[in-house]
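**Student:** Fold the following.
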Amino acid sequence: MKLVITAFPFFSEHNCHVLEAIASLPGVKVAAATHDPEDCLPAHYRGILCGHWRVQDLRIIDQLRWAVRELSARHGPVHQLFSPIEHLQTVCAELRAEMGIPGMSVEATRNFRDKARMKDLLRQAGIPCARHRRACSEHDAWSFAGEVGYPLVVKPVEGAASQETFKVEDPEGLRRALDVLHPSDHNQVILEEFLTGQEHSCDSFWLRGKRLFHTINRYYPSCLEVMRNPWIQWVVVLPREVDDPGYDDIRAASLEAHRVLGMGSGMSHTEWFRRPDGSLAISEIGARPPGAQFTTIISRAADFDALRAWAGLMVYEEFDPPAARKYAAGCCYLRGQGHGSRVRGVRGWDEVREKIGHLLTDVKIPQPGAPKSVTYEGEGYLIARHPETKVVEEALRYAVSVIRVDLGD
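**Tutor:** Here you go, the predicted model:
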């Protein structure tokens, strides 16, 4: 049996599914290094793990090394080490290099992880992306704002999933962002021009640098708008027409971007915009599976297990692409309205279920008394699929117009 160690802070729903996907591979036993104690793992997943090691901070290589060595001492040589979490990509690569474990190189993970470095490489290769600057001081930030103007986006160089990301409309807004982020040589931030237009993403499966399968995803509204307005119930749609010629430019740009950054085997998540003039600009790329139920949406659209497919690429460098694109699919995210720390009730679900229930494949309806979510996914979600993209899009837009999640204390 091959020992695969995965590292992530918490036993979230997504990370538990990752454990399940790895453990489902033939000839594999899986161990985990986490911040959570093992008793935080839901009972029905506990039989999956052959071992577990808890540390305080997985970003510190000494602590991850300690966990990996202890797990290896108990369960045998380590065949593979990786993480589904963007913040841990580089430290896993550094430890793989130290221990002689195959996988993405340290340099490649830094290309994906350091968003300023990423955009430098993309622009040098002529790949369209937002104008940007790495800021090691407030002077750097004010200088860029003076050159480019407002609005701007300000975020950590090693940010992920729109966390600690600010849309800055004016000098006062930039002052507030800098007071939170405190740019310095050891705490660098990136400033970018604010991209406008329709936001999309492209999720791709790669084997030794060759793209084998991908989906195109449309967001309503943009991720940053969702982050700034926690009441917005948003929608993501994966069109069935992913091979439409209208996407030829992003397919070509994505292929070249991954070549430049050094993508090997695995899964990537590319965020990009279609500008009002029709041109495209890449926002950023992560060498990891996407969150926010995206792997489930991809699985429903293509009728395969996307997380298990990613795990197979990471462990065995094997991938069997779906034979056909059978469906469009999408998700709407149910987010609490009003003030309070808990769900008080849900309105409109019975009406929505009666009208579009036949399209739904996965449902999580917020339960009264449940705590308010701390993520942009919200308190619940609905996933729908149908052979026609328009049917999925209209159904999910209808759902978010009717369902209301009320918060209270």
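
**Student:** Pretty sure Gly369 sits against Gly345.
**Tutor:** No: applying CB atoms under 8 Å, one finds Gly369 not in contact with Gly345, separated by 9.8 Å. Just so you know, the C-beta spots here come from the backbone N, C-alpha and C atoms, and that holds for glycine as well.

**Student:** Give me the pLDDT for the residue positioned nearest the centre of the chain.
**Tutor:** In the chain, the centroid-proximal residue (CA atoms, centre = their mean) is Pro290; its distance is 3.1 Å. On the pLDDT scale, Pro290 is placed at 95.

**Student:** ok, now Ile101?
**Tutor:** 97.

**Student:** Chain neighbours aside, what residue packs nearest to it?
**Tutor:** Distances taken as CB to CB, 6 or more residues apart in numbering put Leu81 closest to Ile101, at 5.4 Å, once the chain neighbours are dropped.

**Student:** tally of neighbours for Pro151?
**Tutor:** Each residue near Pro151 was counted by other CB atoms under 10 Å, and the total is 15.

**Student:** Ignore what I typed, I meant Leu261.
**Tutor:** Using other CB under 10 Å, Leu261 has 22 other residues around it.

**Student:** Just give the closest residue to it, not the sequence neighbours.
**Tutor:** Closest residue to Leu261 apart from its sequence neighbours, by CB to CB, 6+ apart: Asn111 at 4.3 Å.

**Student:** gap between that neighbour and His258?
**Tutor:** Distance, Asn111 to His258, by CB to CB, to the nearest Å: 10 Å.

**Student:** ok, the nearest residue to Ser373 once chain neighbours are set aside - contacts?
**Tutor:** Closest residue to Ser373 apart from its sequence neighbours, by CB to CB, 6+ apart: Glu379 at 5.0 Å. Going by CB atoms under 8 Å, 6 or more residues apart in numbering, Glu379 touches 334-336, 343, 366, 370, 372-373, 405.

**Student:** For Glu379, give me the pLDDT.
**Tutor:** pLDDT, Glu379: 96.

**Student:** Strand partners (parallel or antiparallel) of the helix or strand hosting Asn217?
**Tutor:** Using DSSP states H and E, Asn217 sits within strand 210-220. When pairs are called by DSSP bridges, strand 210-220 turns out to pair with strand 198-207 (antiparallel), strand 235-238 (antiparallel).

**Student:** Can you tell me which of those strands is most buried?
**Tutor:** strand 235-238 (a mean of 25; mean count of other CB atoms under 10 Å).

**Student:** could you point out where the stretch 301-409 of the chain is predicted with low confidence?
**Tutor:** Along the stretch 301-409 of the chain, no part satisfies pLDDT under 70.

**Student:** Going along the chain, name the strands of it.
**Tutor:** Counting by DSSP state E, counting those that start in this stretch, one finds strands in the stretch 301-409 of the chain at the ranges 328-334, 336-337, 342-347, 360-364, 380-386, 404-408.

**Student:** so which of those is the most packed in?
**Tutor:** The most buried one of these (mean count of other CB under 10 Å) is strand 328-334, showing a mean of 26.

**Student:** tell me which strands and helices that strand is in contact with?
**Tutor:** Counting contacts by 3 or more CB pairs under 8 Å, 6 or more residues apart in numbering; DSSP states H and E, strand 328-334 packs against strand 235-238, helix 294-302, strand 380-386, helix 389-402.

**Student:** Neighbouring strands - and their directions - for that strand?
**Tutor:** Sheet pairing for strand 328-334, assigned by DSSP bridges, gives strand 235-238 (antiparallel), strand 380-386 (antiparallel).

**Student:** number of nearby residues for the closest residue to Ser137 other than its chain neighbours?
**Tutor:** Closest residue in space to Ser137, ignoring its immediate chain neighbours: Pro183 at 5.9 Å, by CB to CB, 6+ apart. Applying other CB under 10 Å, we find 23 residues neighbouring Pro183.

**Student:** can you tell me how far Ser24 sits from Asp303?
**Tutor:** 17 Å.

**Student:** neighbouring contacts of stretch 141-156?
**Tutor:** With CB under 8 Å, 6+ apart, stretch 141-156 has contacts from 115, 130-131, 133, 135, 162-171, 173-174, 177-178, 181, 183, 187-195, 224.

**Student:** Restricted to strands, list those residues.
**Tutor:** With DSSP state E as the criterion, strands contain 133, 135, 166-168, 189-193 from among the contacts of stretch 141-156.

**Student:** a markdown table for those, including distance to Lys155 and pLDDT?
**Tutor:** Output for the ones in strands among the contacts of stretch 141-156, formatted as a markdown table (distance: CB to CB, whole Å; pLDDT from 0 to 100):
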| residue | distance to Lys155 | pLDDT |
| --- | --- | --- |
| Arg133 | 12 | 92 |
| Ala135 | 11 | 92 |
| Phe166 | 7 | 89 |
| Lys167 | 10 | 88 |
| Val168 | 10 | 92 |
| Val189 | 7 | 92 |
| Ile190 | 6 | 91 |
| Leu191 | 8 | 93 |
| Glu192 | 8 | 92 |
| Glu193 | 13 | 90 |
